[in-house]
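# Okay, sequence plus prediction incoming.
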Amino acid sequence: MWSDLKAQCHPAWLEEPPRESDLALRLRSGGEIRLWSAEKGDMLRGRPLMSLVMDEYADMAGRVFHEILLPSLADHQAPAVFIGTPKSFNHFYDLYARGQRADEPEWASWQFKSIDNPTIPQLGDMIASARRDMDERSFRQEWEASFEAVAGRAYYAFDATGNVAPVELDKHAPVALFFDFNVQPASAGIGQRQGDRACVWRVSQLSHRGGEATQASAQAIRRLLDEARFKGPIEIYGDATGRSAKTTGPSDHAILRDTFPGAIWRIPRANPHERDRVAAVNAMCLTGDGRRRLQVDPSCRPLIEDLEQVIYADNGELDKRSNPMLTHISDAAGYWIEREWPVRRTAPIVSTMHARPASAPSSAVAAARERRRRAMAESLGIEV
């Protein structure tokens, strides 16, 4: 976003060169445009704002706006715009719903569906491709701006009848080793791309290994490959946070590099969002056109149990507390699958505020809502 913002800002508008240290543009008019991360929301306190845009608001904690940034708008009666892709019926949906009510004229909301976007080149081909590659729920959420319920099973597209079958390892083709650097349990697996399928051959889930968990897990995977007399290339996938050194010894990444010298490193610098990882796994389990591209060997019981039993917590995130043994091996497999078969997402669907009541409002409320609607539409460059 910072690069895009600089590219759109003409140098003649700036009082000084863009400040890379704090992502700020100082304007000749005296104003300033700043980018902040909402990851550490408390650091945003105490900044009076002339306007506020919160991008990908569905992925932020709801308290960042209501408890921290909302008071910062009071001094100048500043407007706020919230942008993002729907993610269940969470705090983003709550704001969207306020914009649809007749009794809150200060709020307005819009939905812009990617399937209706005339600026996307070859839109029809992209939609057809997305339907082939995505599961139905993810397609509705990502392309149709649909607020989908996130409850029950996380990997709802997985079915043991269709996704579990014996996997034969090609001993000379590349294999994917995927790791989750949890201590209890330590989880890892061996997968292989076979055609357009993700095939999981073996998994390892070890308990009570303490600070040696990653070492034990890596050695277990090494033994499985040696016993199979595997001779092909090795690619490593896993949790990006494992690069940090530990007080008890080398980092998780360093252990893997030592155990698998010469392996191709596929771990990114930052983890994908949990939502994207789960969507990628579901899309491999079952696409919108009925194809199952994830095949799990029957010996991989920990992964099968994860895919069948992992559920969502009340906050819309994966439930990692009810059964501490769950989520880890499916997380590990998800790092591989999301990296190699990511869900194709379009530009974020914008949802900001515009009310359209189900029942006729009073004339005063209707007039106030119409004024607010036109003002917000004009500020966003939308014709009304």
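Now that the structure is in, tell me what you want to look at. Residues are numbered from 1 along each chain as shown.

# Which stretches in this protein count as strands?
Using DSSP state E, the strands of the chain run over residues 24-26, 32-34, 52-55, 80-83, 175-180, 186-194, 197-206, 234-238, 264-265, 294-296.

# Could you give me the buried positions within the longest one?
Just to be clear, that refers to strand 197-206. By neighbour count with 16 or more other C-beta atoms under 10 Å, strand 197-206 contains the buried residues 197-206. Glycine gets a C-beta too; all of them are placed from N, C-alpha and C.

# angle of that strand against strand 175-180?
In terms of direction (axes from the mean of the first three to the mean of the last three C-alpha atoms, to 10 degrees), strand 197-206 departs from strand 175-180 by 50 degrees.

# Adjacent strands (with direction) for strand 197-206?
strand 186-194 (antiparallel), strand 294-296 (parallel) (DSSP bridges).

# Keeping just the C-alphas, turn it into CSV.
C-alpha atoms of strand 197-206 as CSV (Å, rounded to 0.1, in the frame of the first residue of the first chain):
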residue,chain,number,x,y,z
ARG,A,197,-3.3,-33.0,-6.8
ALA,A,198,-1.8,-32.4,-3.4
CYS,A,199,-1.0,-35.9,-2.0
VAL,A,200,0.0,-36.4,1.6
TRP,A,201,2.0,-39.6,2.1
ARG,A,202,3.0,-39.6,5.8
VAL,A,203,2.7,-37.3,8.8
SER,A,204,4.4,-37.3,12.2
GLN,A,205,2.9,-36.0,15.4
LEU,A,206,5.1,-36.3,18.5
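
# Give me the residues contacting that strand.
167, 169, 175, 185-193, 213, 216-217, 220-221, 224, 284, 293-297, 299-300, 302-303, 325, 328-329, 333, 336-337, 340-341 (C-beta atoms under 8 Å, 6 or more residues apart in numbering).

# do the last one as well
Counting by C-beta under 8 Å, 6+ apart, the neighbours of strand 294-296 from elsewhere in the structure are 158, 163-165, 167, 194, 197-200, 281, 284-285, 303-304, 307, 337.

# swap the cut-off to 7 Å and go again
Strand 294-296 has contacts (C-beta atoms under 7 Å, 6 or more residues apart in numbering) with 163-165, 167, 197-200, 284-285, 303-304.

# Over to the third one?
Strand 52-55 is contacted by residues 1, 60, 65, 69, 73, 78, 80-84 when judged by C-beta under 7 Å, 6+ apart.

# Can you turn the buried part of the residues you listed into a PyMOL selection?
Typed into PyMOL, the line below selects the buried ones among these, using 16+ other C-beta under 10 Å:
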select buried, resi 60+65+69+73+80+81+82+83+84
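
# Return the two entries of the contacts of strand 52-55 that lie farthest from one another.
Greatest spatial distance among those (C-beta to C-beta): Met1 and Leu73, at 21.0 Å.

# JSON lines for the strands paired with strand 197-206, including mean neighbour count, mean pLDDT and distance to Tyr93?
Formatted as JSON lines, the strands paired with strand 197-206 follow (neighbours: other C-beta atoms under 10 Å; pLDDT from 0 to 100; distance: least, C-beta to C-beta, whole Å):
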{"stretch": "strand 186-194", "mean neighbour count": "25", "mean pLDDT": "95", "distance to Tyr93": "33"}
{"stretch": "strand 294-296", "mean neighbour count": "24", "mean pLDDT": "97", "distance to Tyr93": "30"}
